[in-house]
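Asker: for reference, the sequence and a predicted model appear below.
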Amino acid sequence: MRERSFCRSRITRTVRDLVDDAQREMGSMAATAAFAAAPQKYFLGADAFGGESAEESLSEQVGRLARDQVARRANETTSHNVGRDSKKGARFARVPMGAHTCEFCMMLASRGFVYHTKETAGEFGHYHGDCRCKVVAGFPEMEFYFKNGVKVSRGVDPKVEGYDPNVCAKLARKYEEIDGDSTLSDSQRKALKAAWSMSEAGDSPGQDPRGIADVFDDALAKTAKAFRRNKTQENYEATVGRFLQQIGDAFGIEMSGRTYLKKNGREIVGACPDGEELWAALRMLQADKKASEIIWIPETSANKTPDMIVDGIGVEIKTPKSMRKIPTLAMDTSEKRFDLYGSGDDGKNALFSLLSVGNENKGAVAAVLDRFVEDGSLDAYMIVGT
């Protein structure tokens, strides 16, 4: 009796290729339909992004659709090229990328290189807006060791810089917890996930610094707006204060904001950083893991105060948009009142972000700040890049 394999599939390679082509075509059709709808929404004045103008809404929709399609095509090309070697042992993993990753993507990523095909790794699955996850293929490496005096080997997952399935598993659990908090807005959920990702994944190449800062900015702006509806101490603590505390939890520190009462005796002014300032502060925490507390400070009309107090030390954050602004921003820092708000140190300390001017300008920024330190205008500075 001749042996033969059980359950041989009647679906030939030709049929599978046709199905793949059909999926790609359907994706293109969906994108085309979305692109076609965007101008109509614009002319109708549809506000798809809560508070933005029609022009901003149109620009955001078209930009997001274009980014999604570029990312999708990149996944398809990479997976197709390596997938031809699947019979030689290639395995696939879903690697988180971008400013934020959904819980489902993170769950898939937590499994590591266990997928035998690019489809099961989610090649065609962009499961949320701005999904940037990559389907990465690799071949298990061989690890040799001795067992009972006999040299044996076993397969070890390929290494991808910045990708750790165990970290992804931890983040997936945290994302589930965040998604289960009904008191959070959508923008706050995205920001908290981004903060936890920064904390756990560190300097992973998959991080999108500009995207993360923008996610922070959106959440902070909307949270500050909720506070401004009722400018009381109680409402500040329930909105901005609570959100800052949750961001701090991701890095294991206390984070809060100060307030002061306006002259009318009825309303308060509360501290609230913008997205890039928060990103810079968190990057500082990644570099200096000894910090335990950040207090954000509101600037008054009477005194120019620093942005935050870190463990009793005042720090002014600067986010230059061009190199020409560096001297002006350094001079502005030197004029701040670092001795106010209970700061235990009146030293003039600056934190400069390279997010807009680029890491390649770190040396030039440092050269300018060194001159201010030498003449006593500044006492110390730190530069954080991407």
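Answerer: Noted; the coordinates are in hand.
Asker: count the residues that sit near residue 208.
Answerer: Neighbourhood size, residue 208 [other Cβ atoms under 10 Å]: 18. (Each C-beta comes from the backbone N, C-alpha and C, glycine too.)
Asker: ok, residue 163 next?
Answerer: By the measure other Cβ under 10 Å, the count of residues near residue 163 is 24.
Asker: not counting its neighbours along the chain, what's nearest it?
Answerer: residue 95 (4.9 Å; Cβ to Cβ, 6 or more residues apart in numbering).
Asker: beta partners of the one you found?
Answerer: residue 134 (DSSP bridges).
Asker: what about it, neighbour count?
Answerer: 23.
Asker: also residue 250?
Answerer: Residue 250 has 21 neighbours, counted by other Cβ under 10 Å.
Asker: give me the three-state assignment for residue 263.
Answerer: Three-state call for residue 263 (DSSP: H, G, I helix; E, B strand; the rest coil): coil.
Asker: name the nearest residue to residue 273, sequence neighbours excluded.
Answerer: The shortest distance from residue 273 to any non-neighbouring residue, by Cβ to Cβ, 6+ apart, is to residue 296 (5.7 Å).
Asker: ok, now which ones touch the one you found?
Answerer: Neighbouring residues of residue 296 by Cβ atoms under 8 Å, 6 or more residues apart in numbering: 244, 255, 256, 257, 258, 271, 272, 273, 307, 308.
Asker: need phi/psi at the fourth one.
Answerer: To tie it back to what came earlier, the one meant is residue 257. Phi and psi for residue 257, reported as degrees, to the nearest 10, are phi -130, psi 140.
Asker: and what of the third one?
Answerer: Dihedral angles phi and psi of residue 256 (degrees, to the nearest 10) take the values phi -150, psi 180.
Asker: neighbours of residue 300, just the number please.
Answerer: Residue 300: 14 surrounding residues under other Cβ under 10 Å.
Asker: my reading is that it lies in a strand. Confirm?
Answerer: No: going by three-state DSSP, the assignment for residue 300 is coil, not a strand.
Asker: mind checking pLDDT for it?
Answerer: In this model, residue 300 is scored at 79, pLDDT.
Asker: domain-wise, how is the protein divided?
Answerer: As assigned by automatic domain parsing, the chain contains the domains 15-156, 176-384.
Asker: hang on, residue 247 packs against residue 254?
Answerer: No: if you go by Cβ atoms under 8 Å, residue 247 and residue 254 don't touch, sitting 10.9 Å apart.
Asker: neighbour-wise, which of those two wins?
Answerer: Legend: neighbour count by other Cβ under 10 Å for residue 247 and residue 254, higher for residue 247 (27 against 14).
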